[in-house]
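Asker: Here is a sequence together with a model predicted from it:
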Amino acid sequence: MSPTTTIFGREKSLRLCEKSLGFFHTGEGSSRIHEVFFRRPKNRTKYDAWNRLVQVSSGGTILAQYQYDGTGRRIVEFTNFSGTTAGNVTYSYYSGQNAIETRTGSATSSPESLGPQYQYVFSAIGGKTPILRDDFTAGTAYPRLYYLTDANTNVTAVVGFNQSAGEWQVAESYAYDPYGAVTVYDQNWTNVVGTSLAASTVGNTIGFASMSFDPATGLYNDEARWYSTAVSTFISRDPMAADINLYRYCGNNPVILVDPTGLWDLVKDVKTCTITLEMSWYMKWEGTWTAAQKATWENAINGIINRSFGSRTIAARALRSGALYCGCCPTSKLEVNVKFYDHWWNFGCDYVVTVHSGDIRSYVSSSTGYAEFSQSDITSSTYTHSVTGAAYTQPTIAHEFGHMIALNHPGYGLPGVVPNSRPEYEADAAALMGLGNQMRDAYWEPILQRLREQTGTFCEWTLGK
């Protein structure tokens, strides 16, 4: 008797949604293998127990079979099937998540018996963005190709030195629609070579969003999942379940977003998310202060704080590691607006700040909302980093304000130093988490809520861990 599967609740709703997209589940049971049939094009895909694609077939013909390592990277592909027997095999070797070498031969060949076919170099900054490919195929016209990419990380052309012509040339060019359907052009952008990377005359398999294309199936490998330009969606569910639609690519917004892992969306251009923190201080002036002195001191505060914390590098470190982190913005920038009140009914302010006309030892108590400053705190003082011993200079008010937004003393509890960030602004995650609910409720949660409303569900803002 064939095993049966009963579908309940959310899974049943997902199946109904999948039918509307053209995906149909079959063959579930004790084998822990399940198949999905999608009608555009009419392919049948088979998945293992970890929801990894292991076979693609069409009309009874096996197009490809895949094997993976323990981290989910595709390391073996079998193609050119006759019945159930593969004709060829491709082995892939990785650095991180990027395949830096492939070896191709007959299906019975071991990887040790094959030499490299292609070797790749990827950008250390762009992650998946390719830089070059070396071709070890005998007689190849382009032993080395360089990749050109656009702001979407789409490969737009490959350039190399043509051995036969004896000159540098654009070997091929590519144009894409928003969801990745490609048109392959010749080197002059005049003749259409084909409408799939399978038509590439130089064997290029890196295209849309720098994903790896499989000519045997017409699918793109996006690490955790496979993507189909024929249906403009992934062909399997989002393992993170981060979207109401578990199949759509980048929340149906591929012009703005990219998904380099198959797990979430990222803003693809190097833009900065500006986070505005509004803080109110109830001012208590101790000693002799003229109105002009008060105004000078208050006007200096916002300028000093924003100059100190507005730098992209510094702010990104502080916000990512110690206070606030946006999962879709590579750099986050803090903008602070401190408002001053001097009336007795403003005890509802975020901080009660006492400013002394004489010199005192300044301090901030984030847990109680009290701070003590002196008139000279808007001028610079010299500090010593508690780990590196390096001396640095900054206004005292900037140092103390760091404590107000959950920066611990310089260097405390840090695992290491981030390049290009000044040590006095490095955030200590433990300092934030130890401040309790008062600061979280008063400052960060309203900001998080506002950001969620402004950016939508594709951008999830969370407190740093």
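Answerer: Yep, it's here. What you see is a predicted model, and the numbers here were worked out from it, not measured in a lab. Numbering: from 1, shown residues only.
Asker: Now do the SS call for Gly115.
Answerer: Assigned state for Gly115: coil (three-state reduction, DSSP: H, G, I helix; E, B strand; the rest coil).
Asker: Please name the residues that touch it.
Answerer: 103, 136 (Cβ atoms under 8 Å, 6 or more residues apart in numbering). From N, CA and C alone the C-beta is placed, and that goes for glycine too.
Asker: for it, phi and psi?
Answerer: phi -90, psi 170 (degrees, to the nearest 10).
Asker: gap between it and Gly105?
Answerer: Per Cβ to Cβ, to the nearest Å, Gly115 is found 9 Å from Gly105.
Asker: thought Arg52 was touching Tyr68?
Answerer: Yes. Applying Cβ atoms under 8 Å as the test, Arg52 and Tyr68 come out as touching, 5.4 Å apart.
Asker: Low-confidence stretches in the stretch 51-200 of the chain?
Answerer: Within the stretch 51-200 of the chain, the stretches with pLDDT under 70 are 125-127.
Asker: 80 instead, please
Answerer: 124-127 (pLDDT under 80).
Asker: Spell out, range by range, the strands that occur in it.
Answerer: Taking DSSP state E, counting those that start in this stretch to define them, one finds strands in the stretch 51-200 of the chain at 53-58, 61-68, 74-79, 88-95, 98-106, 118-122, 130-135, 144-149, 155-162, 167-176, 182-185, 192-194.
Asker: how about the helices in this protein?
Answerer: With DSSP state H as the criterion, the chain has helices at 9-21, 291-309, 312-321, 396-404, 429-433, 437-439, 445-455.
Asker: Please point out the stretch among the ones you listed with the lowest average pLDDT.
Answerer: Among the helices of the chain, helix 429-433 carries the lowest mean pLDDT, a mean of 31.
Asker: Quickly note the distance from the closest residue to Ala99 other than its chain neighbours to Tyr247.
Answerer: Spatially, and ignoring its direct neighbours in sequence, Ala99 is nearest to Ser92 (4.3 Å; Cβ to Cβ, 6 or more residues apart in numbering). To Tyr247, Ser92 is 26 Å away according to Cβ to Cβ.
Asker: Likewise for Phe340?
Answerer: Between Phe340 and Tyr247 the computed distance is 52 Å (Cβ to Cβ).
Asker: Which one's more surrounded, the two?
Answerer: The neighbour count for Phe340 versus Tyr247, taken as other Cβ atoms under 10 Å, is higher for Tyr247 (22 against 18).
Asker: Report pLDDT for the more buried one.
Answerer: pLDDT for Tyr247: 86.
Asker: can you count the residues close to the closest residue to it other than its chain neighbours?
Answerer: Nearest residue to Tyr247, sequence neighbours excluded (Cβ to Cβ, 6+ apart): Thr233, at 4.4 Å. Around Thr233 there are 22 other residues, counting by other Cβ under 10 Å.
Asker: What's opposite Thr233 in the beta bridge?
Answerer: In this entry, Thr233 is beta-bridged to Ser228, Arg248, by DSSP bridges.
Asker: thought it was touching Cys250?
Answerer: No. Checked against Cβ under 8 Å, the pair Thr233 and Cys250 is beyond contact range at 10.4 Å.
Asker: what touches both of the two?
Answerer: When Cβ under 8 Å, 6+ apart defines a contact, no residue borders Thr233 and Cys250 alike.
Asker: Quick one: low-confidence residue ranges for the stretch 301-450 of the chain.
Answerer: 304-337, 343-348, 350, 365-369, 380-396, 398-450.
Asker: repeat that with 70
Answerer: For the stretch 301-450 of the chain, applying pLDDT under 70 flags the ranges 308-335, 344-347, 366-367, 381-394, 402, 405-450.
Asker: Arg337 and Val352: what is the separation?
Answerer: Not quite, residue 337 is Asn, not Arg. Applying Cβ to Cβ to Asn337 and Val352 gives a distance of 18 Å.
Asker: quick one: which of the two has more around it?
Answerer: Higher neighbour count among Asn337 and Val352: Val352, with 17 against 12, using other Cβ under 10 Å.
Asker: I'd guessed that one sits against Phe373; true?
Answerer: No. Assessed by Cβ under 8 Å, Val352 is found out of contact with Phe373, at 11.6 Å.
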